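Student: Provided below for reference: sequence and predicted model.
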Protein chains: 2
Amino acid sequence: MPQQTNQRRRGAALEETILEAAWAELAEVGYARLTMEGVAARARTGKQVLYRRWRNRAELVVAAMRHSTGSIADQPPDTGELRGDVLAVLRRMVERQRDIGQDVIHGLLADAPDLDPGPFAIMSEVMTGVLERAAQRGEIASARLSPRVVSVATNLLRHEIMFARHPVSDGTLVEIVDEVFLPLVHASARHGH
Amino acid sequence: MPQQTNQRRRGAALEETILEAAWAELAEVGYARLTMEGVAARARTGKQVLYRRWRNRAELVVAAMRHSTGSIADQPPDTGELRGDVLAVLRRMVERQRDIGQDVIHGLLADAPDLDPGPFAIMSEVMTGVLERAAQRGEIASARLSPRVVSVATNLLRHEIMFARHPVSDGTLVEIVDEVFLPLVHASARHGH
DNA sequence: GTCGATTAGAGACGCATCGTCTCCAATCTG
DNA sequence: CAGATTGGAGACGATGCGTCTCTAATCGAC
C-alpha cells in the first residue's frame, strides 16, 4: 500500500492557491458576494489561514489582483506616434477593467477608502513616458506639460470606467484622445510650456 | 386627566421623520455603518415601516439625500463671466460632496450599480447652460462644443472627488478650469468645432 | 359616532457572514 | 527524534439582513 501522505500545502505554495481561488471566486460570484468562507472552501483550507495573511476581504482581493494581473507600466506602448501610444495606454486600461470587473473597483473603494493610491498615480508616469518619447521624436515641442494635462486622458477614462454602465467603447477612447488630450497638448505648445 | 393620545405618525409626516433620521445617521456613523435598524430606532419606528417604502439601504439613502440637499441645477450661477460661472459650478459640486460625504458615494456605487444616472448627467446640462450664456455675451464664438468638452470639467472633478483622500482644494478647481477647460473651449473656437 | 380597513410600532425569526478561537495533526527545524 | 510551527476544519457569539406576526392607533365611509 502506497504511503498516503496528505500533501499538506504551506507557505508560498499555499498562498498561491489561495490567491488563485480568490481570483476564481471573484470571476464567478463577483466582489459583492465573495466571502472569506467561500475562498477558504475553494482553496480547501480554513478561514484562519486567510486571516493570518490578510486582514480582510479587501486586502485579500487586492493581493489576488496583484497576483493575477500585470501592471500597465510593465510594457510601455511604442507605436511610433503619440496618438497611437496614448490610445494603446487607454485600451490597456479598458482591458484591465474587463479582467477585473467594475464591481470589484466599486467594492474596494467602499471597503478600503484608505487604499494605497500608488496604482492610480502610476498612470501619470506612464503618460509622462509616452510624452517624453513623443518630444524626442519631435512630434511635440516639449514634454513639459502641466500634470493636470498629462493625466487628463487617464483620469477621464477612469471616470468613465467608474460610472459607465457598459464596458467603455473604443469610440469613447478616440473621443478622449482627439477632442481633449491632443488639443490640449497642442494648445500648450502654442502658449509655451 | 388630559387625553393621552399617542400621536402616532403616518404618511408624509412619518416619511419626513425617517428621512431626517437617515440623514442624521449618515452624518454620525457614515454609510458603511448605517443600518436599517439604526435608522428605525432613531426615528422611533419599526423596520417594516422602512421596508414598506424603500427596498434597501441604498434606496433609503438616496431618498434621504434628495430630501436633504437641493439639486445643483436649481440655481444656475451667474457671475457675468464664463470662468466665474464654471468655477461656481465646480465649487457647488465640492460643497455638495462635503455635505454628502465620500463614503456615501462609494457605498452607493458599490451597493447600487444600477443607480439612476440622471443626477450625474444633469451636470452636463448645467454646463451647457453656462456655455450658452457665455456665447450670448459674446465671450465665446459658439456654444456648440463636443459633449466631451462640455462635461470635461465636471467629469474631472467627479474623478477627483471619487479618488482624492482629502476634500478637493480650490486650487484643484482653478487648475481644472484654467489648464483644461478654458484652453479646450478656446481651441475649439479656433478650429471652428 | 361606529366600524372596517389600513398601517404604525415593536420585535421575533431564520439566515448569512463576520472575525475569533480551539483542537488536532502534518510538516519543518535542529 | 523532539519541539515548534502552521494547516485544516469548524464551532462560536455577534451583527444585520429581510420577512413575518401581532396589537393598537388612526383614517375614511357611512
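Tutor: Yep, that arrived. Residues are numbered from 1 along each chain as shown, chains lettered A, B, ... in the order given.

Student: so which helix or strand takes in the residue nearest the centre of chain A?
Tutor: For chain A, the residue nearest the mean C-alpha position is A:R96 (5.6 Å; C-alpha atoms, centre = their mean). Taking DSSP states H and E as the definition, A:R96 sits inside helix A:82-100.

Student: Return the set of buried residues in that helix.
Tutor: Judged by neighbour count (16 or more other C-beta atoms under 10 Å in any protein chain shown), helix A:82-100 contains these buried residues: A:82-83, A:85-90, A:92-94, A:97, A:100. Placement of C-beta: from N, CA and C, glycine included.

Student: hang on, the earlier thing: from what I see, the residue nearest to the centre of chain A and A:S71 are in contact.
Tutor: No - at 9.4 Å, A:R96 does not count as touching A:S71 under the criterion of C-beta atoms under 8 Å.

Student: circling back: after the helix holding A:R96 comes which helix or strand?
Tutor: The first helix or strand that comes after helix A:82-100 along the chain, using DSSP H and E, is helix A:102-111.

Student: for chain A, what spans make up the helices?
Tutor: A:11-29, A:36-42, A:47-53, A:57-68, A:82-100, A:102-111, A:118-136, A:147-150, A:152-163, A:170-175, A:182-190 (DSSP state H).

Student: Might you enumerate the residues of chain A proximal to DNA strand C?
Tutor: With C-beta under 7 Å from any atom of the strand as the criterion, chain A meets DNA strand C at residues A:5-8, A:10, A:33-37, A:46-48, A:51, A:56-57.

Student: What about DNA strand D: which of these touch it?
Tutor: Subset of these in contact with DNA strand D: A:R8, A:R10, A:G46, A:K47, A:Q48, counting by C-beta under 7 Å from any atom of the strand.

Student: Serialize those residues to a markdown table and add fields for neighbour count and distance to B:T128.
Tutor: Shown next, in a markdown table, are those (neighbours: other C-beta atoms under 10 Å in any protein chain shown; distance: C-beta to C-beta, whole Å):
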| residue | neighbour count | distance to B:T128 |
| --- | --- | --- |
| A:R8 | 7 | 65 |
| A:R10 | 8 | 62 |
| A:G46 | 12 | 57 |
| A:K47 | 13 | 53 |
| A:Q48 | 9 | 57 |
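
Student: With distance to A:S151 and pLDDT as extra columns, can I get these in CSV?
Tutor: Output for these, formatted as CSV (distance: C-beta to C-beta, whole Å; pLDDT from 0 to 100):
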residue, distance to A:S151, pLDDT
A:R8, 48, 83
A:R10, 43, 82
A:G46, 43, 93
A:K47, 40, 95
A:Q48, 42, 95
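
Student: Flag the shaky bits of chain A, pLDDT-wise.
Tutor: A:1-6, A:143, A:190-193 (pLDDT under 70).

Student: where does it come near DNA strand D, residue by residue?
Tutor: A:8-11, A:14, A:43-49, A:52.

Student: any idea which of those is the one closest to chain B?
Tutor: A:K47 (21.8 Å; C-beta to the nearest C-beta).

Student: so how far is A:T35 from that closest one?
Tutor: 10 Å (C-beta to C-beta, to the nearest Å).

Student: Also A:P77?
Tutor: Counting by C-beta to C-beta, the gap from A:P77 to A:T35 is 38 Å.

Student: And for A:V185?
Tutor: Distance from A:V185 to A:T35, by C-beta to C-beta: 46 Å.

Student: can you check A:A134 too?
Tutor: 47 Å.

Student: Over to A:G84?
Tutor: 43 Å.

Student: cool, A:Q97 as well?
Tutor: From A:Q97 to A:T35 the distance is 24 Å (C-beta to C-beta).

Student: repeat for A:T154
Tutor: Counting by C-beta to C-beta, the gap from A:T154 to A:T35 is 33 Å.

Student: quick one, which of these two is more surrounded?
Tutor: A:T154 (23 against 12; other C-beta atoms under 10 Å in any protein chain shown).

Student: Report the contact partners of the nearest residue to the more buried one once chain neighbours are set aside.
Tutor: Spatial nearest neighbour of A:T154, excluding adjacent residues (C-beta to C-beta, 6 or more residues apart in numbering or on different chains): A:M123 at 4.1 Å. Residues in contact with A:M123 (C-beta atoms under 8 Å, 6 or more residues apart in numbering or on different chains) are A:I72, A:V89, A:M93, A:S151, A:T154, A:R158.

Student: how far away is the closest residue to A:R53 other than its chain neighbours from B:V29?
Tutor: Excluding its sequence neighbours, the residue lying closest to A:R53 (C-beta to C-beta, 6+ apart) is A:E15, at 6.7 Å. Distance from A:E15 to B:V29, counting by C-beta to C-beta: 35 Å.
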